[in-house]
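Visitor: Any chance you can model this:
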Amino acid sequence: MILKTCASLLVFFLLAGLCLAADKPVSDDAIYDNVRIKLASDIDVKGGALKVDVKQGVVTLAGIVETQMQKDKAAKLAKKVKGVKSVVNQIEVKKRG
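Guide: Numbers count the residues shown, from 1 in each chain. Predicted structure coming up:
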C-alpha cells in the first residue's frame, strides 16, 4: 500500500513539473544559441556565417546564401526552435561569381 502511494505521488510530481516547465518562457539568449546551432549544423544551409538577432522571441536572420532553398530552409529551421514567435528573413540570395 505504501509503495502504491509513493508511486502515485512520484507520478503526480513528475507531471506537475512537466506542466510548470512547459509554461516557462524561453529566453532570447537560449533561442539565439539554439537557432545558431541549428543553422550551423545543417548541411544544406551551412549557416555559420549567417547573422541571428533575437528580440522578445522574434528572430531576424541576415547574411548571404547561394540559393533560395538555403534561405527558405534557414527560416524553417529557425521557426522550429522552441520559444520562437516569428522569423524575419532578411537573408540575400547571391550566386558566386
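Visitor: going forward, measure contacts and count neighbours with C-alpha atoms only.
Guide: Fine.
Visitor: who does the helix or strand Ile31 falls within touch, helix- and strand-wise?
Guide: If you go by DSSP states H and E, Ile31 is part of helix 28-41. In terms of contacts (3 or more CA pairs under 8 Å, 6 or more residues apart in numbering; DSSP states H and E), helix 28-41 is packed against strand 51-55, helix 68-79.
Visitor: swap the cut-off to 10 Å and go again
Guide: The contact analysis (3 or more CA pairs under 10 Å, 6 or more residues apart in numbering; DSSP states H and E) places helix 28-41 against strand 51-55, strand 58-65, helix 68-79.
Visitor: closest one to Ile2 among the ones you listed?
Guide: For these, the distance to Ile2 is smallest for helix 68-79, at 46.6 Å, taking CA to CA.
Visitor: Relative to Leu39, tell me which of the helices and strands packed on helix 28-41 wins on proximity.
Guide: helix 68-79 (6.4 Å).
Visitor: so what does the closest one touch, helix or strand wise?
Guide: Right, helix 68-79 is packed against helix 28-41, strand 58-65, strand 86-93 by 3+ CA pairs under 10 Å, 6+ apart.
Visitor: Any chance of a markdown table for the helices and strands packed on helix 28-41, columns mean pLDDT, distance to Pro25 and mean neighbour count?
Guide: A markdown table is the format used below for the helices and strands packed on helix 28-41 (pLDDT from 0 to 100; distance: least, CA to CA, whole Å; neighbours: other CA atoms under 10 Å):
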| stretch | mean pLDDT | distance to Pro25 | mean neighbour count |
| --- | --- | --- | --- |
| strand 51-55 | 97 | 13 | 17 |
| strand 58-65 | 96 | 13 | 19 |
| helix 68-79 | 96 | 16 | 18 |
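Visitor: Now distance to Val26 too, for those, in TSV please.
Guide: Putting the helices and strands packed on helix 28-41 into TSV (distance: least, CA to CA, whole Å) gives the following:
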stretch	distance to Val26
strand 51-55	11
strand 58-65	12
helix 68-79	14
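Visitor: No further queries at this time; thank you.
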